[in-house]
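K.L.:
Sequence first, predicted model second:
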Amino acid sequence: MGQTDVITKVVTGEEIKEPSMFKVIYLNDHKTTMEFVVESLIDFFDYTPETAHKITLDIHEVGSAVVAVLPFEVAEQKGIEVTMCARAQKMPLQVKLEPENA
């Protein structure tokens, strides 16, 4: 039986770029409850209850807050999931995405 030679071909010159990062921003409104915002931050972004409460107060006092910075596809998915959950509970919470470097 013969031996099989394995030749490895290395492709050079291709640069792998980091994915673009996007800010997930919650906007304040007068109908979405603070309890819902806190729970969504815990459920969708894995914040502790204390941190989620502080972010919720920032949203309430300032009018908006960045709740996460994620690769675009992940940020978009989280935004959709939070919005769908809010609508299912009849909450008008708005979630906005912005490029991190904007």
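P.N.:
All right, it came through fine. Residues are numbered from 1 along each chain as shown.

K.L.:
Please make it C-alpha for all contacts and neighbour counts, starting now.
P.N.:
Will do.

K.L.:
what about the residue nearest the centre of the chain, which helix or strand?
P.N.:
In the chain, the residue lying closest to the centroid (C-alpha atoms, centre = their mean) is residue 75, at 3.4 Å. Taking DSSP states H and E as the criterion, residue 75 maps to helix 72-88.

K.L.:
cool, residue 97 as well?
P.N.:
strand 94-99.

K.L.:
Ok, residue 7 next?
P.N.:
Using DSSP H and E, no helix or strand contains residue 7.

K.L.:
so how far is residue 96 from residue 41?
P.N.:
15 Å (C-alpha to C-alpha, to the nearest Å).

K.L.:
Looking at the two, which one has more neighbours?
P.N.:
residue 41 (22 against 15; other C-alpha atoms under 10 Å).

K.L.:
tell me which residues of the helix or strand where the more buried one lies are tucked away?
P.N.:
Here residue 41, judged by DSSP H and E, is contained in helix 34-45. Neighbour counts using 16 or more other C-alpha atoms under 10 Å place 34, 36-42 of helix 34-45 among the buried residues.

K.L.:
what mean pLDDT does stretch 9-17 have?
P.N.:
Stretch 9-17 carries an average pLDDT of 73.

K.L.:
circling back to that earlier point, OK, contacts around the residue nearest to the centre of the chain?
P.N.:
22-24, 68-69, 97 (C-alpha atoms under 8 Å, 6 or more residues apart in numbering).

K.L.:
just curious, which of the residues you listed is nearest to residue 47?
P.N.:
residue 68 (10.2 Å; C-alpha to C-alpha).
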